[in-house]
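Enquirer: Just the structure for this:
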Amino acid sequence: MPAEWEPHAQTWMVWPQRPDNWRLGGKPAQAAFAAVAKAIAEFEAVTVCVSAEQYENARARLDHPAIRLVEISTDDAWVRDTGPTFVCNERGEVRGVDWAFNAWGGFDGGLYFPGSATTRWRARSSRSSAAPAIAPRASCSRVAPSMSTVKAP
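Expert: Numbering: from 1, shown residues only. You can find the predicted model right below:
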């Protein structure tokens, strides 16, 4: 699995909106995420997952030719925790690792109920990238920055 700093083809982000995670309806966080997405888009493609109810808001804030919006709902904006990790095999084929994210504890103190939007969105994001999903041999509670990268072939 490539490290975050290795060359990659694009960056994935999730639009912040949960009022229990983000103050003021997520507006300050959305402004920050938009600025980050636009800065990254100057150098590489950016895909932003956004819920149906936030789609028009995100589209207005993310007006850049290198930014693609994908309508995918999730419970959290931290892609490295909740989303697939895109990896390449020795033949350069890209796959999305469909981690069994347990929301930092699952039934024993976890943040989200299993089967929530966060636990379902990984396969949709893999389909949106045209990268088949693969299942890992273990589950994990991942904690890292909010962007998932695709290594360049």
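
Enquirer: any low-confidence regions in this structure?
Expert: 1, 100-107, 109-153 (pLDDT under 70).

Enquirer: got the residue ranges for the strands in it?
Expert: For the chain, the strands defined by DSSP state E cover 8-14, 45-50, 67-71, 85-88, 94-97, 133-134, 148-151.

Enquirer: among these, which is nearest residue 38?
Expert: strand 67-71 (7.2 Å; C-beta to C-beta). Placement of C-beta: from N, CA and C, glycine included.

Enquirer: mind listing what's buried in that closest one?
Expert: 67, 69-70 (16 or more other C-beta atoms under 10 Å).

Enquirer: Next, format the residues you listed as JSON lines and append distance to residue 82.
Expert: As requested, the buried residues of strand 67-71 are exported to JSON lines (distance: C-beta to C-beta, whole Å):
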{"residue": "67", "distance to residue 82": "20"}
{"residue": "69", "distance to residue 82": "18"}
{"residue": "70", "distance to residue 82": "15"}
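
Enquirer: Which member of these is positioned nearest residue 42?
Expert: Out of the buried residues of strand 67-71, the member with the shortest distance to residue 42 (by C-beta to C-beta) is residue 67, at 10.6 Å.

Enquirer: what bridges to that closest one?
Expert: Note on residue 67: beta-bridge partners by DSSP bridges are residue 46.

Enquirer: can you map out the helices along the chain?
Expert: Here the chain has its helices, by DSSP state H, at 27-41, 55-61, 79-82, 117-128.

Enquirer: Mind giving me the packing neighbours of the third one?
Expert: Put plainly, it is helix 79-82. strand 8-14, helix 117-128 (3 or more C-beta pairs under 8 Å, 6 or more residues apart in numbering; DSSP states H and E).

Enquirer: Now for residue 89, how many residues are close by?
Expert: Neighbour count for residue 89, taken as other C-beta atoms under 10 Å: 9.

Enquirer: wait, doesn't it sit right on residue 97?
Expert: No. In this structure residue 89 lies outside contact range of residue 97 using C-beta atoms under 8 Å: 11.7 Å.

Enquirer: Just give me the neighbour total for the closest residue to residue 53 other than its chain neighbours.
Expert: Excluding the flanking residues, the one nearest residue 53 by C-beta to C-beta, 6 or more residues apart in numbering is residue 17, at 7.9 Å. Residue 17 has 22 neighbours, counted by other C-beta under 10 Å.

Enquirer: Fine, thanks again, bye for now.
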